[in-house]
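Asker: Model the following, please.
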Amino acid sequence: MVLLQCAIQHILRFFSLRRKNLEESDVVVVGGGHAGVESALAAARLGCTTILVTTNYDTIGLMSCNPAIGGLAKGQLVREIDALGGQMGLATDEAMLQFRMLNTKKGLAVRSPRGQCDRRAYAAAVRRALEQQENLEIMQALVEEIMVRDGRVVGIVTREGARIKARRVVLATGTFLKGRIWVGDVCYEGGRSGEPAAVRLSEYLQNAGFKVGRLKTGTPPRVDARSVDFERMVRQDGDEPPLPFSFLNDELRIEQMPCWVTYTNAQTHQVIADNLAKSALYGGKIHATGVRYCPSIEDKVVKFAHKERHQVILEPEGRQTTELYVNGVSNSLPADIQERFLHTIAGLEEARITRFGYGIEYDFFPPTQLRPTLETKLVEGLFFAGQINGTTGYEEAAAQGIVAGINAALSLKGQEPLVLRRDQAYIGVLVDDLVTKGVDEPYRMFTSRAEFRLILRADNADLRLTPIAAKIGLASQQRTARLKRRKEQITQLQHLLEQRKDNGVPLVRLLRRQDVRLQSLAERHPQIASFPKDVRLCVEVEVKYEGFIRRMMRQVERLRELEGVRIPAGFDFWRVEGMKWEAREKLSRIRPATVGQAARVPGVGPSDVMALLIALRR
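Answerer: I've put the predicted structure just below:
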């Protein structure tokens, strides 16, 4: 009933907008996936009239692959999106089925939260946020052209011929650009299963001068839980208590659902190996580059032939469905072969497939064509976000979406853009990697990509980024008040550890020891336990890694010196004396904004950077 009322209110607002003849919008966002959602919400929350255009109103916020948010490094991205005022963390908390903190056997700095979600509940939470957001309207349509005048974007054109004027446009098209789905020999156009591909938009962008590439990803089959023998699998429960993703939530009171672990075996591998020629990927039908760090089951069998087995995890799709996501066996094999190899796996001998896995190839536009704001260099006012930039994953897409939405709005207001540094956020690492280095395969975030990961932790994302959100107008009063309180608690706990002693030794000195944890100190000093868990974790990391953090901050200062040296627009790199030809060519193509960014361009060495600095001083 609540969803029906929201939908009616939205329809009334939408037609009211049309009656007022406001066909011109400040911002149009194309795409209702994770990038488009964050982009549209950010722009609208910053006061811009915004229209989100999606091919299917009913699939907004859909998790088209695995029903989970977060994971290694991805969990940090979600916390950062939340700290900037985004929606992903809140939606995850609302839809969560199971919570786990990953990397718990490693250092505190690289631990990452992951939440298994109810697919339908997540999409409903996202759609509700959109429908209740002021300044935001939703339209179902297929966009086929971008209207450009004098090098500046002025709107979009839909398949129906509708022209919507806009001062800024964000393209967050996911895998829909010339998407082609493969199940063995069977091939058909589609942005994902059951939805049409966007063919003409991709062709329009290419004809407009944008360079285009081709990438590939895929999904595994889903099965009916009633046909699974769980007795032959290992039960995997979530952490207790489950921790929220959003800093606006203190706790989560949910009944967690288990996942189930099983493994492939020699028989599984033999079935796949015998039918590799029937795979769209190995049969030569798909020529696009796939995800290296999330390989298909065909890739695992071929490239890791020495492995006797591969892990398979059955994950629930929701509380009101018996459908399970079979994580670990993504493939593009024919339907009958999918059934055969699946039935060789322990516990899945009688499994009934509810949806077959498939591979999908699609167009992307190399992100070196973008500025650090995610605005295109070719067309002013046009932004790209998400898989159109060659990334993979919900979290990477949402991170780009919020950056693009914020910068679209800030540019309309004449304010300084949001460009997060590599020492400020994983989001900063993500965007800098894309626009500086480009991609030759789907980009996935890892903790190893962040050289300053010790200070870019999941536990301190609000301390790093909420002040920035407050400055640009995206942090609510509730969020800023909670941040103020958290800072006070951190200071109080730090003071307590410095003042309180144990056998004459200050607690802060004891905590610096490798074998001492804050929890053990709390057992002898109950006042420590009175502080919230997230506060204790943040203080413990800061104390234990104090020396490393201090050295890292010195590196940050050196980086900031280079980032502070700006390169003028139109600077001629070909005239820099002493610079290698390779460096000149790449810098002329990428057009870095600062010397720091130039130093990270592949092929640019220290001597090239020194030559550039000398040229700029002249």
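Asker: Doesn't Trp182 belong to a helix?
Answerer: No. Applying DSSP: H, G, I helix; E, B strand; the rest coil, one finds Trp182 to be strand, outside a helix.
Asker: Count the neighbours of it for me.
Answerer: Trp182: 24 surrounding residues under other C-beta atoms under 10 Å. (C-beta placed from N, C-alpha, C; glycine too.)
Asker: show me the contacts for Gly596.
Answerer: 559-560, 562-565 (C-beta atoms under 8 Å, 6 or more residues apart in numbering).
Asker: okay, and the helix or strand of the chain with the least pLDDT?
Answerer: helix 2-19 (a mean of 50; mean pLDDT, DSSP states H and E).
Asker: from the contacts of Gly596, which would you call buried?
Answerer: Neighbour-count burial (16 or more other C-beta atoms under 10 Å) is assigned, among the contacts of Gly596, to 559, 562-563.
Asker: In strands only, show me those residues.
Answerer: In strands, judged by DSSP state E, none of those are found.
Asker: thinking again about what came up before, okay, the contacts of Gly596 in a markdown table with distance to Leu510 next?
Answerer: Shown next, in a markdown table, are the contacts of Gly596 (distance: C-beta to C-beta, whole Å):
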| residue | distance to Leu510 |
| --- | --- |
| Leu559 | 34 |
| Arg560 | 34 |
| Leu562 | 39 |
| Glu563 | 38 |
| Gly564 | 40 |
| Val565 | 44 |
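Asker: Minimum pLDDT in those residues, which residue is that?
Answerer: Checking pLDDT across the contacts of Gly596, the minimum falls on Leu559 at 83.
Asker: I figured that one was touching Gln424, is that so?
Answerer: No. Leu559 is beyond contact range of Gln424, at 10.8 Å (criterion: C-beta atoms under 8 Å).
Asker: Give me the common contacts of these two.
Answerer: What both Leu559 and Gln424 touch, as defined by C-beta under 8 Å, 6+ apart, is an empty set.
Asker: Pretty sure Thr104 sits against Arg111.
Answerer: Yes. Assessed by C-beta under 8 Å, Thr104 is found in contact with Arg111 at 6.1 Å.
Asker: Counting neighbours, go ahead and name the busier of these two.
Answerer: Arg111 (21 against 10).
Asker: Might you report the residue contacts of the more buried one?
Answerer: 101-104, 457-458.
Asker: Now tabulate the residues you listed in JSON lines and tack on pLDDT, distance to Ser64 and secondary structure.
Answerer: Shown next, in JSON lines, are the contacts of Arg111 (pLDDT from 0 to 100; distance: C-beta to C-beta, whole Å; DSSP: H, G, I helix; E, B strand; the rest coil):
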{"residue": "Met101", "pLDDT": "95", "distance to Ser64": "26", "secondary structure": "strand"}
{"residue": "Leu102", "pLDDT": "95", "distance to Ser64": "22", "secondary structure": "strand"}
{"residue": "Asn103", "pLDDT": "91", "distance to Ser64": "26", "secondary structure": "coil"}
{"residue": "Thr104", "pLDDT": "88", "distance to Ser64": "29", "secondary structure": "coil"}
{"residue": "Arg457", "pLDDT": "94", "distance to Ser64": "29", "secondary structure": "coil"}
{"residue": "Ala458", "pLDDT": "94", "distance to Ser64": "25", "secondary structure": "helix"}
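Asker: and of those residues, the nearest to Gly547?
Answerer: Comparing those against Gly547 with C-beta to C-beta places Arg457 closest, at 16.4 Å.
Asker: coming back round to it: ok, of the contacts of Arg111, which one's closest to Gln494?
Answerer: Arg457 (16.4 Å).
Asker: That closest one contacts Ser112, correct?
Answerer: No. With contact defined as C-beta under 8 Å, Arg457 and Ser112 do not form a contacting pair (9.5 Å).
Asker: Find residues that contact each of these two.
Answerer: By C-beta under 8 Å, 6+ apart, the residues touching both Arg457 and Ser112 are Gln76.
Asker: buried stuff in the helix or strand where Ile549 lies?
Answerer: Taking DSSP states H and E as the criterion, Ile549 maps to helix 546-563. Within helix 546-563, the residues that qualify as buried by neighbour count (16+ other C-beta under 10 Å) are 549, 552, 556, 559, 562-563.
Asker: Tell me which stretches of the stretch 251-400 of the chain form strands.
Answerer: Counting by DSSP state E, counting those that start in this stretch, the stretch 251-400 of the chain has these strands, from start to end: 259-263, 311-316, 323-327, 353-355, 358-364, 382-384.
Asker: Mean neighbour count and mean pLDDT for those - can I get that in TSV?
Answerer: Shown next, in TSV, are the strands of the stretch 251-400 of the chain (neighbours: other C-beta atoms under 10 Å; pLDDT from 0 to 100):
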stretch	mean neighbour count	mean pLDDT
strand 259-263	19	98
strand 311-316	20	98
strand 323-327	22	98
strand 353-355	17	97
strand 358-364	26	96
strand 382-384	27	98
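Asker: Looking at the ones you listed, spot the one closest to Gly603.
Answerer: Once the strands of the stretch 251-400 of the chain are compared by C-beta to C-beta, strand 358-364 is nearest, at 21.9 Å.
Asker: So what touches that closest one?
Answerer: 174-183, 190-193, 197, 202, 212-219, 280-281, 286-288, 290, 296, 331-332, 387-390, 439.
Asker: strands paired with it, and their directions?
Answerer: When sheet partners are counted by DSSP bridges, strand 358-364 sits next to strand 180-183 (antiparallel), strand 213-219 (antiparallel).
Asker: Need the per-residue pLDDT for Val403.
Answerer: 98.
Asker: List the strands paired with the lengthiest strand in the chain, with their directions.
Answerer: The longest strand of the chain (DSSP E) is strand 163-171. Next to strand 163-171 in the sheet, as set by DSSP bridges, lie strand 24-30 (parallel), strand 152-158 (antiparallel), strand 382-384 (parallel).
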